[in-house]
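> Let me see the structure of the following:
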Amino acid sequence: MGTPKILFAALTAAVIATGALFLVPDRRHERSMTFRAQKEHPVTPAMTEAADALSKTVAPDFRLEGLDGKPWTLSQASAGKPLLIFFVEKECPCCLGAKPFLDRVYRRYRDVLSAVAVINADRETASLWSKTVGGDMRVLCDPTMTVIRDYSAERGVYSTLVDKDGRIAAAYPGYSKSMLIELGSLVAKLGGVPERELDTRPAPEKLTSGCSFPLD
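Here you go, the predicted model:
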């Protein structure tokens, strides 16, 4: 199981280093995922302010299709736990870099945390993306970007933590080492467990976002 992870890590490192457009093959589907060229997307003060304004507001309910065709609502996805929602732009290479770190948070707190990745894709494309990228989060399809807009996610890599009462505990317009530590600490508090050590290497020092979602 180690070899595919090593290959995927090498591909991710290559795209970050070169900024090249690349294809990730999935031979099981005889298709390839196409990702954009890597670009820097620093988080602006306005983005941070808008995300902070969502704190303590009621999380919008949703009904999204999973990869198995089953519909999922907010309460079903949370399963009585705090819910981490990671927003994915389907062709965004930044989401490739960020998702493994959000997966780490989920794995460290899986007993007290639920997590989903919401992607702007239909089920076929979302399934291919999931198989290409991997990870433990359930993937939910939002091809019309209705839920993405409801949660004010302007770009891929945005993430939102919803508490057990259905209110937004925190929203982040990007990820960084300090953001991941803060997120882990907040999950521990909401889950009523001691804070757990979290490996944030080699996450960026500065808050970094992803590619913009399409306007339509």
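> where does residue 100 fall, helix, sheet strand or coil?
Three-state assignment for residue 100 (DSSP: H, G, I helix; E, B strand; the rest coil): helix.
> Verify the contact between it and residue 117 for me.
No - using Cβ atoms under 8 Å, residue 100 is not in contact with residue 117; the gap is 11.9 Å. For the C-beta atoms, the positions are set from N, CA and C on the backbone; glycine is no exception.
> where do the contact lists of the two overlap?
residue 135 (Cβ atoms under 8 Å, 6 or more residues apart in numbering).
> So these two - more neighbours on which side?
Remark: of residue 100 and residue 117, residue 117 carries more neighbours, 24 against 16, as counted by other Cβ atoms under 10 Å.
> Pull up the pairing partners for the helix or strand containing the more buried one, direction included.
Secondary structure from DSSP states H and E places residue 117 in strand 114-119. Here strand 114-119 has these sheet partners by DSSP bridges: strand 83-88 (parallel), strand 138-141 (parallel).
> Figure out which of those is closest to residue 162.
strand 83-88 (4.5 Å; Cβ to Cβ).
> which residues does the residue nearest the centre of the chain contact?
Among the residues of the chain, the one closest to the centroid is residue 86, at 2.7 Å (Cα atoms, centre = their mean). Contacts for residue 86 (Cβ under 8 Å, 6+ apart) come out as 98, 99, 102, 115, 116, 117, 118, 137, 157, 159.
> For residue 39, state which of the residues you listed is nearest.
Distances from residue 39 to the contacts of residue 86, taken by Cβ to Cβ, are shortest for residue 157, at 12.4 Å.
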